[in-house]
Structures are given as C-alpha cells and as structure tokens.
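Sharing a model prediction with you, sequence too.
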Amino acid sequence: MGLYTNTIFPAGGDTGNGGIIQIVQTVKTNTFAMSSNGDTWTDVTGLTVTITPTDSSNNVLVIPSVNMAASQAHRHGFRLLRETTAIFIGDDFGDNQRALVFQGNPPTNANNYHYTPMCLDDPGTSSAVTYKIQVRGEQSSTDVFINRTESTNSGGDYFRGCSTITAMEVSS
C-alpha cells in the first residue's frame, strides 16, 4: 500500500469541483482461495485499503480491480465494504444475494474474470476509513479464487493475475 499524493490535483489548489487530494492503493499479487459453505461472505486477505479524509465533507472514489474465478463454473460474486457495511450493492429481491459484481455459470474451470467498478462514496468523516472486498460462492460446492482460475496447472498457457483496491479522496 502506498500514499501517492498529498497535494490537490489539479495543480494550483482546490477548485471545489472534485480535485484529487490523496490516493492510496493496495496491490494483491498472491492468490486467494475460499471454500464456500453457500451462505457466507468472506474477506479477501490482503485486499483492503485505509484512507483518512482531510475533510468530512469530501468523498472517496473507491476502485476495486479484482481477478475472480469460481470452481465448477458456478455463480459467484464480490462486494465492497466500508468498515462493516456493504456499499454499492443491488436491491433486495427474495433470497437473491446483494453484490457489487457477480458472474453466473461461466463455461469452464479455466475462466477468470476481471472487474473494475468505480464507486464514489461519502463516508462523512475525517477519521480513517477502511474499504475491503468480500467474496461468496452461491452453492455449497462453489469455491472462489482471486488472481487465479480453478485450475492449479502450471505452464506457459496458464496465467496468474493481480488485484488492487484504490481509494482517492475527492474534494467536494
């Protein structure tokens, strides 16, 4: 994780119209695997970022960029949390899971999907705020993988990826 700036952009000062004050990012290069029991959201180890806004009226632009796959080509998804609250999730509808991003029944165990949603959050504080990613498989037999596919094969035609979570304080 790194702090890339503490200067307002555009250069020349705060325009009051969305200048970037600071950027923090966490990069996850290793893999993560979660065995699903079908009813639990699980934190992705190492895919968390903390930012301390300089003013409680400022927003935070959160950009999770996640490489995700699931076992047996089953449904899976992820959500973004501010502290312990899931944010930017779909509406309630019966027993459906409320997620930021999801994938339904991909065709093979060699598929990996890359998602990069942008979420402009209003945390309403000048205290440290932590954002994190949680994943979930929809069936009890669905495992979820970050930065790899279900396949653990190695060789020149197999890949590993990286995921990031970036937070930018935006002046209001």
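Received it, and whenever you're ready, just let me know what you need. Fair warning: this is a prediction, and the values are worked out from it, not measured in the lab. Residues are numbered from 1 along each chain as shown.

Check what pLDDT the residue minimising distance to the centre of the chain gets.
Residue closest to the mean C-alpha point of the chain, counted by CA atoms, centre = their mean, is residue 64 at 3.5 Å. At residue 64, the model reports a pLDDT of 94.

same thing with residue 106?
58.

can you check the one 5 residues further on too?
Residue-level confidence at residue 111 comes out at 63, pLDDT.

same check, this time on the one 5 residues further on
Looking at residue 116, its pLDDT stands at 84.

since we're on it, how many residues are nearby?
12 (other CB atoms under 10 Å). All C-beta atoms are positioned from the backbone trio N, CA, C, and that covers glycine.

isn't it right next to residue 67, touching?
No: contact criterion CB atoms under 8 Å: residue 116 and residue 67 do not qualify, at 10.1 Å.

Verify the stated contact: residue 143 with residue 33.
Yes: counting by CB under 8 Å, residue 33 is a contact partner of residue 143 at 6.2 Å.

which residues does residue 28 contact?
Residue 28 is in contact with 44, 46, 47, 146, 147, 162, 163, 164, counting by CB atoms under 8 Å, 6 or more residues apart in numbering.

Please, where are all the helices along this protein?
Taking DSSP state H as the criterion, the chain carries no helices.

Could you identify the longest strand within it?
strand 59-70 (DSSP state E).

helices and strands around it, which ones?
Counting by 3 or more CB pairs under 8 Å, 6 or more residues apart in numbering; DSSP states H and E, the packing neighbours recorded for strand 59-70 are strand 42-51, strand 76-82, strand 101-103, strand 113-115, strand 119-121, strand 129-137, strand 143-146, strand 163-170.

Quick one, grab the pLDDT at residue 168.
The predicted local confidence for residue 168 is 96.

quick one: low-confidence ranges for the protein?
1-17, 36-38, 72-73, 95-112, 139-140, 156-157 (pLDDT under 70).

and residue 66, how many residues sit next to it?
25.

Next, work out how far apart it and residue 161 are.
9 Å (CB to CB, to the nearest Å).

Also residue 60?
For residue 60, the distance to residue 161 equals 25 Å [CB to CB].

And those two? Which one has more around it.
residue 60 (23 against 18).

For the more buried one, which residues are in contact?
51, 53, 120, 121, 122, 123, 129, 131, 167, 168, 169, 170.

As a markdown table, these with distance to residue 153 and neighbour count would be great.
Converted to a markdown table, these look like this (distance: CB to CB, whole Å; neighbours: other CB atoms under 10 Å):
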| residue | distance to residue 153 | neighbour count |
| --- | --- | --- |
| 51 | 38 | 23 |
| 53 | 44 | 24 |
| 120 | 40 | 13 |
| 121 | 39 | 17 |
| 122 | 44 | 15 |
| 123 | 42 | 21 |
| 129 | 40 | 20 |
| 131 | 33 | 26 |
| 167 | 35 | 25 |
| 168 | 37 | 21 |
| 169 | 42 | 25 |
| 170 | 43 | 19 |
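
Alright, calling it a day.
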